[in-house]
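>>> Build me a structure from this.
(one chain, ligands or ions: 2)
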Amino acid sequence: MRSIAILGATGSIGTQALDIIDRHPERFRAAVLTARSDWEGLFRAVRKFRPQAAGLVEEPPFVPEDLRGTEWFFGGDCSRRALEAVRPDDALAAVVGVAGLDAVLAALKCCRRVLLANKEALVTGGHLVKELAAQRGVPLLPVDSEHSAIFQCLEARGDNEIARLILTCSGGPFRTWERDAIDRASVSDVLRHPTWRMGSKITVDCATLMNKGLEVIEAHHLFGMPESRIDVVVHPESIIHSMVEFEDGAVLAQLGVPDMRTAIGYAMGYPERVPYGGERLDFAKVGTLSFGNPDPSRFPCYRLAREALQSGDASAPVALNGANEAAVAAFLDGRIGFGGIARIVEAVMNRHVPGRVQTAEDVYGIDRNARRLAQTEIERILK
Ligand code: NDP
Ligand code: MG
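Numbers count the residues shown, from 1 in each chain. Ligands and ions are numbered 1, 2, ... in the order given. Take a look at the predicted model:
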């Protein structure tokens, strides 16, 4: 029986993890549940799973009488304090955005294993996260489906060199759209992802292809691969979740229906596989698998993310991520158009001055600065 903290318990990843716990009460116990502001959602989960501790960034107006057997923490550091109080075996980092970096660092100090969905924590604080994980001997188990696929393929690696990592990419809802149409896409066009159902921020990132750029950076940190040996192939069916190529040209792939519970369950149960009752792959029904190259001219965010990693400046991905988070929020609020996201990120990257990234405070300083620059750019667009 493993005790697990779900940080970001009310989100897309968090609720799917709770679904797995619900199906396997003999294997997993939810020990800590945290969220930002959705107190109604968190109360429901606490009522069902009865964790030792729970936390909300925004303090709710009240905590119902029947939920007071759980120890409650409120405020921006609620995840860290709940982890310190309970020290569960595992923590699933499923907070969205750089806001989750502190929780990942706290989990590395308090838990035996960290299951990582929160890619922005690695994109911004990759060096800090990797260093702390190595120092404390805590395994980082990837939850992002592409990285989980690579991790699974690497189980067959032995002592062999990896020639190349190949991340697959659905291409998002605008894969076949012209540049002008992409520029004018509405929020509802964007939120209609062809193969995956996810939180709104990552859904927007999938439409700009920023998500794939962030995933290249994530793969660089997780697997210690240089940018030049991480390729991306567009694969609209999302059946191959990613691949590893070896020196002899052999390519190993991990396949399955697009259902995040496979990747979440793999990390939760590792090294055992956890059945969850999902749909099985029917090859005849899928019929054809197709492949193509990503197009950086229609999806500049993808290019900008690769350039940030290529630059070798550890602060560049932090600025890229901060600018993107600010621009995506402005798009979702209806303040800027879809094409504005890439323009804002590019403008921020053009003005970015490299800085040192040795502590989490350094990350937050660069992040704040990038958001300030992005805000200036948003106001310029609005004029
Ligand atoms: P959602 O927006 O659906 O959920 C985010 C969760 O984080 C919510 O529970 C939210 O609470 C909580 N949260 C936000 N800020 C804080 C904070 N400061 N402290 C504690 N909790 C917080 O996002 P997703 O589940 O889609 O994504 C989560 C992460 O996983 C992202 O980094 C994403 O890139 C990654 N990921 C997601 C995939 C998916 O299929 N969804 C696939 C691969 C990676 P509240 O509800 O109260 O706002
Ligand atoms: Mg992914």
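>>> Give me the buried positions along the helix or strand of the chain with the lowest mean pLDDT.
Per-element confidence for the chain was summarised using mean pLDDT, DSSP states H and E. The lowest value among helices and strands belongs to helix 187-190, with a mean of 92. Under the neighbour-count criterion of 16 or more other C-beta atoms under 10 Å, helix 187-190 has 187, 190 buried. All C-beta atoms are positioned from the backbone trio N, CA, C, and that covers glycine.
>>> ditto for stretch 174-181
Counting neighbours by 16+ other C-beta under 10 Å, one finds that the buried residues in stretch 174-181 are 174-175, 177.
>>> Make a markdown table out of those and add pLDDT, secondary structure and distance to ligand 2.
Supplementary listing: these in a markdown table, determined by pLDDT from 0 to 100; DSSP: H, G, I helix; E, B strand; the rest coil; distance: C-beta to the ion, whole Å:
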| residue | pLDDT | secondary structure | distance to ligand 2 |
| --- | --- | --- | --- |
| 174 | 96 | coil | 17 |
| 175 | 96 | coil | 16 |
| 177 | 96 | coil | 21 |
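>>> wait, which of those residues is closest to residue 235?
Nearest to residue 235 out of the buried residues of stretch 174-181 is residue 175 (C-beta to C-beta; 10.4 Å).
>>> coming back round to it: which strands and helices sit next to the least confident helix or strand of the chain?
Here helix 187-190 touches helix 200-208, helix 315-332, going by 3 or more C-beta pairs under 8 Å, 6 or more residues apart in numbering; DSSP states H and E.
>>> Which residue, neighbours along the chain excluded, lies closest to the residue of the stretch 51-200 of the chain at minimum distance from ligand 1?
Relative to ligand 1, the nearest point of the stretch 51-200 of the chain is residue 199 (2.6 Å; C-beta to the nearest ligand atom). Setting aside the residues directly before and after it, residue 199 is nearest to residue 12 in space (C-beta to C-beta, 6 or more residues apart in numbering), at 4.7 Å.
>>> ok and the residue in the stretch 1-150 of the chain nearest ligand 1?
For the stretch 1-150 of the chain, C-beta to the nearest ligand atom, closest residue to ligand 1: residue 11, 1.9 Å.
>>> Test my guess that that residue contacts residue 96.
Yes: under the criterion of C-beta atoms under 8 Å, residue 11 makes contact with residue 96 at 6.5 Å.
>>> just checking, residue 347 is part of a helix?
Yes: residue assignment for residue 347, taken from DSSP: H, G, I helix; E, B strand; the rest coil, places it within a helix.
>>> how about the residues of this structure that lie near ligand 2?
If contact is defined as C-beta under 5 Å from the ion, the residues of the chain in contact with ligand 2 are 144-146.
>>> Next step: these restricted to helices.
Using DSSP state H, the subset of the residues of the chain next to ligand 2 located in helices is 145-146.
>>> okay, the helices and strands packed on helix 187-190, which one's buried deepest?
Highest mean neighbour count among the helices and strands packed on helix 187-190 (mean count of other C-beta atoms under 10 Å): helix 315-332, with a mean of 26.
>>> quick one: that helix to helix 200-208, angle?
An angle of 100 degrees separates the directions of helix 315-332 and helix 200-208 when computed by axes from the mean of the first three to the mean of the last three C-alpha atoms, to 10 degrees.
>>> Double-check residue 84 against residue 107; I have them as touching.
No: taking contacts as C-beta under 8 Å, residue 84 lies outside contact range of residue 107: 10.4 Å.
>>> tell me what the helix or strand in which residue 168 is found is packed against?
Assigned by DSSP states H and E, residue 168 falls within strand 162-169. Identification of packing neighbours for strand 162-169 by 3+ C-beta pairs under 8 Å, 6+ apart yields helix 145-154, helix 210-223, strand 230-234, strand 240-246.
>>> is it possible to export those to CSV including mean pLDDT?
Listed next are those as CSV, based on pLDDT from 0 to 100:
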stretch, mean pLDDT
helix 145-154, 98
helix 210-223, 98
strand 230-234, 98
strand 240-246, 98
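>>> Figure out which of the ones you listed is closest to residue 44.
Closest of those to residue 44 is helix 145-154, at 26.4 Å (criterion: C-beta to C-beta).
>>> Contacts made by that closest one with the rest, please.
In this structure, residues lying in contact with helix 145-154 by C-beta atoms under 8 Å, 6 or more residues apart in numbering are 141-142, 162, 165, 167-168, 215, 218-219, 222-223, 240-244, 252-254, 258, 260, 262-263, 266-267.
>>> in that helix, what counts as buried?
Of the residues in helix 145-154, those buried under the neighbour-count criterion (16+ other C-beta under 10 Å) are 145-153.
>>> Pull the CA coordinates from it and hand them back as CSV.
What follows is helix 145-154 as a C-alpha-only set of coordinates in CSV (Å, rounded to 0.1, in the frame of the first residue of the first chain):
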residue,chain,number,x,y,z
SER,A,145,2.6,10.8,-22.0
GLU,A,146,5.6,11.3,-24.3
HIS,A,147,8.1,11.2,-21.5
SER,A,148,6.3,8.2,-19.9
ALA,A,149,6.6,6.5,-23.3
ILE,A,150,10.3,7.2,-23.6
PHE,A,151,10.8,6.1,-20.0
GLN,A,152,9.0,2.8,-20.8
CYS,A,153,11.1,2.3,-24.0
LEU,A,154,14.3,2.9,-22.0
